[in-house]
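Q: Here is my input, please return the structure:
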Amino acid sequence: MTNNVDHDRLFKELISTFFVEFIELFFPQLIDYLDRESITFLDKEVFTDVTEGERYESDLVAQVKFRGKESFFLIHVEAQESSRKWFNRRMFTYFARFHEKFVLPIYPIVIFSYSKPKRAAISQYVVDFPDFKVLEFNYQVVQLNRLNWRDFLNQPNPVASALMAKMNIAEKERAKVKAECLRLLITLKLNPAKMQLISGFIDTYLNLNPVEEIQFQQEISTFSQPVQEGVMQITTSWMRQGIELGIEQGIEQGIERGIEQGIEQGIEQGIEQGIERGIEQGIEREKTLILRQIKRKLGEINPSLETKIMELSIDDVEVLGEALFDFSTVEDLINWLNTLTA
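A: Sure thing, here's the model as predicted:
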């Protein structure tokens, strides 16, 4: 379900937006000596691993000040979505490059987000000989598949709300975890853009099948009314049910009309009209929701762009709903729409 997902972008966007919250959640001891007001993100570093012939980019590097001092250090956060041999050596290479370029202390962190294997990930790179040790490089590890999502249920932290979706989750608990992620998110009362970022992250990694969707609805029905309403506003997965819901409502309306007419032909005609109306209503509902999400992320858009979006086919609207997560400006939206007519 996540084969085409840009994991690096999603994690980098999440952590850069909620950097302090990420540190607070997993490394509270670091918060004790970090100056929160001094955080500056540096440009990514690129290097080639000559042994593997691959080109790598560092994910996230922040320059921060020691609290109460004029000296700085770096925090390097690397998000890794697959288990790779010699990844520890790559982490050391990053460390060496940063140390050479900036001549600052470096605090290295890795977030492992893969599902398997579940054995503890390596957290050091060692060079030694039988008679002495040349090097022992250590880095901090957050291995999500070894964390129990229940331990984070009551953490008032947006990063917890998002990353629970990638923790150790039994298949039968996917719907429950998604509901709990969104419940926690609602309680944080973030601004719309940040809410959308996290809800999109959750929906990407907990994209439920139809059976799980029913379980999900049952879970959120147990929440308080305000939380239920909040969840229904931010969840993205229900969008795809809009057309089906419209068809069902249309069929019901058609049957009722046909029964009132009291003739078989009336029932058939009523069902046909109801289905058509239901499809139209479902498509209209989904397009309206997409427009609302675009405006939340990009701000107000030109009426001509709204018209173009409302004229899209339902298939293109579905694709736009996924592409929206990659847009940063209205120009990105315009370019995407232009590709449809190219």
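
Q: can you give me the strands for this protein?
A: Using DSSP state E, the strands found in the chain span residues 34-41, 46-49, 54-57, 60-66, 72-80, 106-112, 124-128, 133-138, 140-143.

Q: For those, which has the smallest mean pLDDT value?
A: Sorting the strands of the chain by mean pLDDT places strand 46-49 lowest, at a mean of 56.

Q: Not counting sequence-adjacent ones, nearest residue to Arg9?
A: Asp326 (7.6 Å; C-beta to C-beta, 6 or more residues apart in numbering). Placement of C-beta: from N, CA and C, glycine included.

Q: Tyr94 versus the one you found, what's the distance?
A: As judged by C-beta to C-beta, to the nearest Å, Asp326 and Tyr94 stand 26 Å apart.

Q: returning to that earlier point: ok, the residue nearest to Arg9 - how many residues close by?
A: Here the number of neighbours of Asp326 (other C-beta atoms under 10 Å) works out to 10.

Q: Let's check: the centremost residue of this structure is which one?
A: Nearest residue to the geometric centre of the chain (C-alpha atoms, centre = their mean): Phe201, 1.4 Å.

Q: For Phe112, see how far away the closest residue to that residue other than its chain neighbours is.
A: Leaving aside its sequence neighbours, Phe201 sits nearest to Ala162 (C-beta to C-beta, 6+ apart; 4.6 Å). According to C-beta to C-beta, Ala162 stands 16 Å off from Phe112.

Q: who has more neighbours, the two?
A: Ala162 (28 against 22).

Q: Name all residues that make contact with that one.
A: Applying C-beta atoms under 8 Å, 6 or more residues apart in numbering, one finds that Ala162 lies in contact with Leu14, Cys181, Ile198, Phe201, Ile202.

Q: redo that, cut-off 7 Å
A: Leu14, Ile198, Phe201, Ile202 (C-beta atoms under 7 Å, 6 or more residues apart in numbering).

Q: Kindly report the same for Tyr125.
A: Asn88, Arg89, Met91, Phe92, Phe137.

Q: and if we set it to 8 Å?
A: Asn88, Arg89, Met91, Phe92, Leu135, Glu136, Phe137.

Q: Which residue is the nearest non-sequential neighbour of the fifth one?
A: Leaving aside its sequence neighbours, Leu135 sits nearest to Val127 (C-beta to C-beta, 6+ apart; 4.2 Å).

Q: ok, now how distant is the closest residue to Val20 other than its chain neighbours from Ile234?
A: In space, Val20 comes closest to Arg36 once its chain neighbours are excluded; the distance is 5.6 Å by C-beta to C-beta, 6+ apart. Separation of Arg36 from Ile234 (C-beta to C-beta) stands at 27 Å.
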